[in-house]
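> What follows is a predicted protein model with its sequence.
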Amino acid sequence: MTKRRFDALVVGAGPAGSVAALVLARGGARVALVDKAAFPRDKACGDLIGPRGVRVLSELQVEIGGALPVGDMVVVGPSDRRVRLPARAGRTYPDHGVALPRRCFDATLRDAAIAAGAEPFVGRAGDALYGDRGLEGFCLATGAEVRGDVVIGADGATSRVAAAAELVDAPRVLWAFALRAYVPEPTDLPVIVFWDPTRGSAFPGYGWMFPGPDGRSNLGLGLGMRSTRGGGAAVARSLPAFVGHLGRLGLTGSRTHDVPLGGWLKLGMVGTRPAEGRVLLVGDAAGLVNPLQGEGIAPALASGRAAAEAFLTNPGCPATPYRGFLRGTFAPYMGATASAHAALLGRPRAISAIGRALTVPALGRSLAGTWSLFWNDLVRSGRRGYQPARDRARPHPPLARRRARGPLLKGEPHDGRLPRRLRRRLLRIG
C-alpha cells in the first residue's frame with residue numbers, strides 16, 4: 001500500500017482545487033492534487049467565467065485557450081420583455097467574461113498545477129485519516145493513503161472533506177440543482193430567462209442560454225430549494241417544456257439537445273463552516289455559489305488562491321487568515337442574497353412579479369441596472385454603499401445573430417446589503 005505525506009493535500013481538481021494546488025506549488029509546497037475522475041472530464045455548468053474570475057486568471061498568468069469573450073447580457077422576463085444589460089469594466093475586474101466548457105477549462109487549470117509541481121492522484125477519497133490535529137488525509141479507492149499538513153476540500157457541494165471534518169450543519173444548507181445541455185446552434189449573447197410554466201406562477205429558479213463550443217449553445221435550468229435535496233427530478237421533467245419556451249421566444253429553433261448533465265449546488269455559505277484549524281474548504285465545498293444566479297467559478301478561483309496563500313503565510317493555523325479573507329469579500333454578499341433566496345422559495349407568484357418588474361423597460365437605471373450589478377456580485381469594496389452603472393439597461397428586441405462586443409457588467413463594491421430602492425420594490429411585490 002502506498003503511503004505518502006505532503007505539505008498540502010488538495011481534494012478535488014476543479015477550478016478551486018487546481019488554483020489552490022497551483023499557488024501552493026509555486027510557493028514551494030509539496031502538493032498532492034486528488035480527484036476521483038481521470039481528466040478531461042465534464043461538469044454540469046453554464047460554462048461562463050465572470051469578470052472577477054478572468055481577473056484572477058490574469059493575475060496568476062494562466063492562459064485559457066479557446067475561450068469565447070462574452071459581453072452584454074440579455075434578461076427575458078415572464079412577459080417576454082427583454083432588457084439588455086450593458087457591460088463595462090469596474091475597478092477590480094476587467095471589461096469582459098469568457099465562455100469555455102468545463103471539460104477544457106478544468107483540464108487546463110489542472111495541467112497548470114501539475115506543471116508547477118503538484119503531484120496528481122486519481123481515486124475517490126474514502127476512509128478519513130486523522131491525527132493529533134484532526135483530519136489529515138484519506139484512503140483513496142486505489143488503496144493509497146495520502147496525508148497533508150493542511151487539507152483543502154475542493155470536492156464540490158457534497159464534499160467528503162467537509163463531512164469528514166464535521167464542518168457542515170446539514171439542516172441549514174441551501175441547495176439548488178441545475179441541469180445543462182448543449183443545442184446545435186449558436187448564440188452570441190448570454191441570455192437569462194425568467195419562466196412562468198403557468199401564467200403568474202414562476203419556475204422557482206431561472207433558465208439560461210449561453211454561448212457554447214463549436215457553434216453550439218449551452219442551455220440549462222436551475223431550481224432553488226432549501227435543505228432537502230429532492231428537486232432534481234422536477235428539473236429533468238421541466239427541461240423539455242423550457243426548451244419549447246425558448247423556441248417560442250425565438251431564441252432557438254432546435255428541439256433537440258445532447259444528454260443533459262446535472263449537478264448539485266450549495267448556496268451562499270449557509271450551513272457550512274469554511275475553515276477549522278488546518279482544514280479549509282474552497283469553492284462549492286464552502287458553499288461559495290451566488291444564491292441569486294448560481295455562479296460559482298469566480299468565487300472558486302478566488303477562494304482557491306486565498307486558501308493556498310493562507311497556508312503559505314500561516315502554516316500553523318491557515319484557517320484564521322482564510323476566514324478573514326472570506327469575511328472581507330464574499331460573506332456580506334452571500335449572507336444578504338441567501339436570505340433573499342430563502343425568503344422567495346415557495347412563493348412562485350412573488351418570483352414571477354419580480355421577474356416582470358426587472359424587465360420593465362421604464363425602470364431602466366432605477367431598478368434593472370442596479371439589480372444587474374448586485375445580482376452578479378460585481379460591486380464590492382471596503383466602503384459602504386453602491387455605485388450604480390452609468391449605462392442604463394435598455395430594452396432589447398428579439399435577439400439578432402451578432403457578435404458580442406464588450407464585457408459583462410459594470411459596478412463597484414458593496415457591503416452585502418440589497419440596494420435600498422430595490423429592497424422597497426421587492427417588499428411591495430412580495
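Sure thing, it's come through.
> where are the low-confidence patches of the stretch 301-430 of the chain?
In the predicted model, the stretch 301-430 of the chain carries pLDDT under 70 at residues 362-430.
> redo that, cut-off 80
Per-residue confidence for the stretch 301-430 of the chain (pLDDT under 80) gives these ranges: 346, 358, 360-430.
> Please report how far Leu312 lies from Arg55.
Distance of Leu312 to Arg55, computed by Cβ to Cβ, to the nearest Å: 20 Å. The C-beta positions use only the backbone N, C-alpha and C, and glycine is treated the same way.
> Next, Ile64: secondary structure please.
Secondary structure, DSSP: H, G, I helix; E, B strand; the rest coil: Ile64 is coil.
> residues contacting it?
Ile64 makes contact with 49, 57, 98, 100, 105, 108, according to Cβ atoms under 8 Å, 6 or more residues apart in numbering.
> Name the helix or strand for Ile150, please.
Actually, residue 150 is Val. It isn't Ile. Under the criterion DSSP states H and E, the helix or strand holding Val150 is strand 145-153.
> any idea of the mean pLDDT for stretch 174-187?
The predicted model assigns stretch 174-187 a mean pLDDT of 93.
> CA-only coordinates of it in PDB, if you can.
What follows is the C-alpha trace of stretch 174-187 in PDB, where atoms were taken according to Å, rounded to 0.1, in the frame of the first residue of the first chain:
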ATOM      1  CA  LEU A 174     -29.400  25.900   1.000                       C
ATOM      2  CA  TRP A 175     -29.400  23.600  -2.000                       C
ATOM      3  CA  ALA A 176     -30.000  24.100  -5.700                       C
ATOM      4  CA  PHE A 177     -30.000  21.700  -8.700                       C
ATOM      5  CA  ALA A 178     -29.000  22.600 -12.200                       C
ATOM      6  CA  LEU A 179     -29.400  20.700 -15.500                       C
ATOM      7  CA  ARG A 180     -27.300  21.600 -18.500                       C
ATOM      8  CA  ALA A 181     -27.400  20.500 -22.200                       C
ATOM      9  CA  TYR A 182     -25.900  21.700 -25.500                       C
ATOM     10  CA  VAL A 183     -28.100  22.500 -28.500                       C
ATOM     11  CA  PRO A 184     -26.700  22.500 -32.100                       C
ATOM     12  CA  GLU A 185     -27.000  26.200 -32.900                       C
ATOM     13  CA  PRO A 186     -25.100  29.300 -31.700                       C
ATOM     14  CA  THR A 187     -26.000  32.300 -29.600                       C
END
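> May I see the buried residues of it?
174-183, 185, 187 (16 or more other Cβ atoms under 10 Å).
> Same question for stretch 48-60.
For stretch 48-60, the neighbour count (16+ other Cβ under 10 Å) marks 48-57, 60 as buried.
> Among those residues, which lie within helices?
Within these, membership in helices is found for 51-57, as judged by DSSP state H.
> closest to Ala236 among these?
Comparing those against Ala236 with Cβ to Cβ picks out Gly53 as the nearest, at 28.3 Å.
> wait, Ser79 sits on Leu358?
No: assessed by Cβ atoms under 8 Å, Ser79 is found out of contact with Leu358, at 10.8 Å.
> Have a look at the two and say which one is more surrounded.
Between Ser79 and Leu358, counting by other Cβ atoms under 10 Å, Leu358 is the more crowded of the two (23 against 14).
> residue boundaries of the strands in the stretch 1-150 of the chain?
In order along the chain, the stretch 1-150 of the chain carries the following strands (DSSP state E, counting those that start in this stretch): 3-11, 31-35, 48-49, 68-70, 73-76, 82-85, 97-99, 119-122, 125-131, 134-140, 145-153.
> of all those strands, which lies closest to Arg91?
strand 97-99 (16.5 Å).
> Does anything pack onto that closest one? Which helices or strands?
Judged by 3 or more Cβ pairs under 8 Å, 6 or more residues apart in numbering; DSSP states H and E, strand 97-99 is in contact with strand 48-49, helix 51-59, strand 68-70.
> now the first one: how far from the chain's centre is it?
On the basis of Cα atoms, centre = their mean, to the nearest Å, strand 48-49 is displaced by 9 Å from the centre of the chain it belongs to.
> Mind listing the strands it pairs with, and their directions?
Its sheet considered, strand 48-49 pairs with strand 97-99 (antiparallel) by DSSP bridges.
> same question, the last one
According to DSSP bridges, the neighbouring strands of strand 68-70, each with its direction, are strand 97-99 (antiparallel).
> Quick one: mean pLDDT for the helix or strand following the strand holding Val150?
Using DSSP H and E, the helix or strand that follows strand 145-153 towards the C-terminus is helix 160-164. When the per-residue pLDDT values of helix 160-164 are averaged, the result is 98.
> distance of the residue lying closest to Ala89 once chain neighbours are set aside from Ala116?
Using Cβ to Cβ, 6 or more residues apart in numbering and skipping the chain neighbours, the partner closest in space to Ala89 is Asp95 (3.6 Å). If you measure Asp95 against Ala116 using Cβ to Cβ, the figure is 28 Å.
> Kindly report the same for Ala285.
When distances are taken as Cβ to Cβ, Ala285 and Ala116 turn out to be 22 Å apart.
> hang on, Leu219 in a strand?
Yes: residue assignment for Leu219, taken from three-state DSSP, places it within a strand.
> count of residues packed around Ala170?
Residues contacting Ala170 under the criterion other Cβ under 10 Å number 11.
> whoops, Arg103 was the one
Here the number of neighbours of Arg103 (other Cβ under 10 Å) works out to 16.
> Quick check: phi and psi at the residue nearest in space to the middle of the chain.
A centroid search over the chain (Cα atoms, centre = their mean) returns Gly296, at 1.2 Å, as the residue closest to the centre. Dihedral pair for Gly296: phi -140, psi -10, per degrees, to the nearest 10.
> Isn't it up against Val289?
Yes: with contacts defined as Cβ under 8 Å, Gly296 counts as touching Val289 at a distance of 4.1 Å.
> what's the overlap in contacts for those two?
Shared contacts of Gly296 and Val289 (Cβ under 8 Å, 6+ apart): Leu265.
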